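Need a 3D model of the sequence below.
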Amino acid sequence: ANYVFIWIRRLANLTIYGAFTVQSALLLGLPLPAYEMLLKLLGLAIGALFVMLVMQNRQPVAQWMRGEDAAVLSSFRRRLADVWHVLLILYLVISFAVWALEIPGGFEFILRASLLSVVIIAAAKLASIAAGQFVARAFQLNDDVKTRLPELEARVNRYLPLLEKAGRSLLFLFAGLGVLQAWGVDILSWAASENGRGMIGSLATIVIIVVIAFAVWEVVSALIERYLAARDSAGGAVERSQRVRTLLPLLRNVFMVALTVMAVLTVLSELGIDIGPLLAGAGVVGLAVGFGAQTLVKDIITGLFILLEDSISVGDVVD
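Residues are numbered from 1 along each chain as shown. Model prediction:
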C-alpha cells in the first residue's frame, strides 16, 4: 500500500502541478512554441515515470504471468512473461509519439483500443472463473452414481482437467481475436472469406469428430461397466458368468481400437490427406505380417475361438 501510494503521489504531483505550471506560464506570456515544447517535455517525463514503474515491477509481474507449470497456455505465458515489459514500454513509446506528433485521431484510437482490450480481457477472465466453477459443480458425482459406476469417477477426473484447459484455451483464443479486432486487425473479414470459412469448418468438424469418438467410447465403457457391476434390489452384486467377464473387456478393447482407427482416418480426411493410399498400404502391410507371422496369427485366432466357445475363461485352472 505504501509503494502504491508513493507512485500515485509521484504521478499526480508531476501531472497536476506540471500542467498547472505550464498553463500558468502560457497565461503569463510564454510564447506558444515554448509552451508546446514544455508540454511535450512534461509528457516525456510522465512517460519516463511509467517506464521506471514497469522496470521496477518486471520480475514480480513476470512471476505472476508464468503461474504454475500446469497452467493453461503455460508455454505462451512463459514467453510473454519474458518480454511483457518490452511490449509495455513499446506501447508507452508509441502512445507518446502519437500524442507528441499530434497524429489526427491516433491518440483517440489507441485509447479506445486499450479500453476495449482491458474490457475484453477482464470479461474473458471472469468467464473463465465462472466456467471453472460451473464445470466443478456439474461434474460432481453423488454416492449412488459412484456405487453403480465405480470407474466413472476416475474417468471424470481424467477428462475434467483436459476439458477445463481446452475451454479456457478456446476462451482466451476468442479474447485474443477480439483484442486484435479492437486494434484494427480485421479478423472477421478473413473469417468471412472462402479460406477462412474452409479452415474454420475443418477445425469444427475435427473437434466434433473427436468429441463424438470420446463420447461413444465413454458410453460403451459405462454400459459394460454398469452391466458387470450390476446390483439386485437388495443391494447385492449380481453374479456374472466367467465367460461374460472375459468377453466384455475384450470386446471393449476391440471397440476402442476400431473407433480410434475410424476417428484418425476421418480427421486425416478432413485435413485434406488422401486416406486411400494409407488404407492400401495398411492392407499390404497386414498381409505381409500375416504371412510372416502365421504362428502368431494362428494363436490369436485359436484364442478367440477358445473365448467364444467358452472352453477356458478367466478364473479357470488349466493343467
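
Secondary structure element holding Tyr91?
Secondary structure from DSSP states H and E places Tyr91 in helix 74-100.

could you give me the average pLDDT of whichever strand or helix holds Ala136?
Ala136 belongs to helix 106-138 when assigned by DSSP H and E. On average, the pLDDT along helix 106-138 is 81.

Distance from the chain centre to that helix, please.
The chain centroid and the centroid of helix 106-138 are separated by 15 Å, computed with C-alpha atoms, centre = their mean, to the nearest Å.

same thing with stretch 24-42?
52 Å.

what's the neighbour count on Glu225?
Using other C-beta atoms under 10 Å, Glu225 has 19 neighbouring residues. No exception for glycine: its C-beta is placed from N, CA and C like everyone else's.

Let me know the secondary structure of it.
helix (DSSP: H, G, I helix; E, B strand; the rest coil).

mind checking how far it is from Val257?
Relative to Val257, Glu225 is positioned 18 Å away (C-beta to C-beta, to the nearest Å).

Next: Arg112.
Taking C-beta to C-beta as the measure, Arg112 falls 55 Å from Val257.

Same drill for those two, tell me which one is more crowded.
Arg112 (13 against 9).

Just list the residues touching the more buried one, thanks.
For Arg112, the contact set (C-beta atoms under 8 Å, 6 or more residues apart in numbering) comprises Ala182.

make it 10 Å
Residues counted as contacts of Arg112 (C-beta atoms under 10 Å, 6 or more residues apart in numbering) are 105, 182-183.

State the distance from it to Ala175.
For Arg112 relative to Ala175 (C-beta to C-beta), the value is 17 Å.

Could you report the neighbour count for the nearest residue to Leu88 once chain neighbours are set aside?
Spatial nearest neighbour of Leu88, chain neighbours left out: Val54 (5.3 Å); criterion: C-beta to C-beta, 6 or more residues apart in numbering. Val54: 18 surrounding residues under other C-beta under 10 Å.

before we move on, the earlier item: which elements pack onto the helix holding Tyr91?
Identification of packing neighbours for helix 74-100 by 3 or more C-beta pairs under 10 Å, 6 or more residues apart in numbering; DSSP states H and E yields helix 32-56, helix 58-66, helix 106-138, helix 152-182.

Flag every buried residue along it.
Using 16 or more other C-beta atoms under 10 Å as the test for burial, helix 74-100 gives 77, 81, 84-85, 88, 92, 95-96, 98-100.

could I get those as TSV with pLDDT?
Putting those into TSV (pLDDT from 0 to 100) gives the following:
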residue	pLDDT
Arg77	76
Ala81	84
Trp84	85
His85	88
Leu88	88
Leu92	88
Ser95	84
Phe96	85
Val98	83
Trp99	81
Ala100	82
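
got JSON lines for these, with distance to Ala45 too?
Converted to JSON lines, the buried residues of helix 74-100 look like this (distance: C-beta to C-beta, whole Å):
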{"residue": "Arg77", "distance to Ala45": "33"}
{"residue": "Ala81", "distance to Ala45": "29"}
{"residue": "Trp84", "distance to Ala45": "23"}
{"residue": "His85", "distance to Ala45": "20"}
{"residue": "Leu88", "distance to Ala45": "18"}
{"residue": "Leu92", "distance to Ala45": "13"}
{"residue": "Ser95", "distance to Ala45": "15"}
{"residue": "Phe96", "distance to Ala45": "11"}
{"residue": "Val98", "distance to Ala45": "17"}
{"residue": "Trp99", "distance to Ala45": "13"}
{"residue": "Ala100", "distance to Ala45": "12"}
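
Do I have it right that Trp217 meets Ala263?
Yes: under the criterion of C-beta atoms under 10 Å, Trp217 makes contact with Ala263 at 9.4 Å.

what touches both of the two?
With contacts taken as C-beta under 10 Å, 6+ apart, Trp217 and Ala263 have no neighbour in common.

what's the offset of stretch 92-105 from the middle of its chain?
For stretch 92-105 - counting by C-alpha atoms, centre = their mean - the centre lies 36 Å from the chain centre.

which outside residues touch it?
36, 39-41, 43-44, 46-48, 50-51, 54, 106-112, 114.

So which bits of stretch 263-276 are buried?
263, 266-267, 270.

Restricted to helices, list those residues.
263, 266-267, 270 (DSSP state H).

Would you point out the most distant pair within those?
Distance extremes for these: the farthest pair is Ala263 and Glu270 at 10.7 Å, using C-beta to C-beta.

which neighbours do the two share?
206, 209.

Run a quick neighbour tally on Val318.
Neighbours of Val318 under the rule other C-beta under 10 Å: 5.

what kind of secondary structure is it in?
Applying three-state DSSP: Val318 is coil.

For it, give me its contacts.
Per C-beta under 10 Å, 6+ apart, neighbours of Val318: 311-312.

What are the phi and psi values at it?
phi -120, psi 130 (degrees, to the nearest 10).

quick one: Gly29 is in a strand?
No: according to three-state DSSP, the state of Gly29 is coil, so it is not within a strand.
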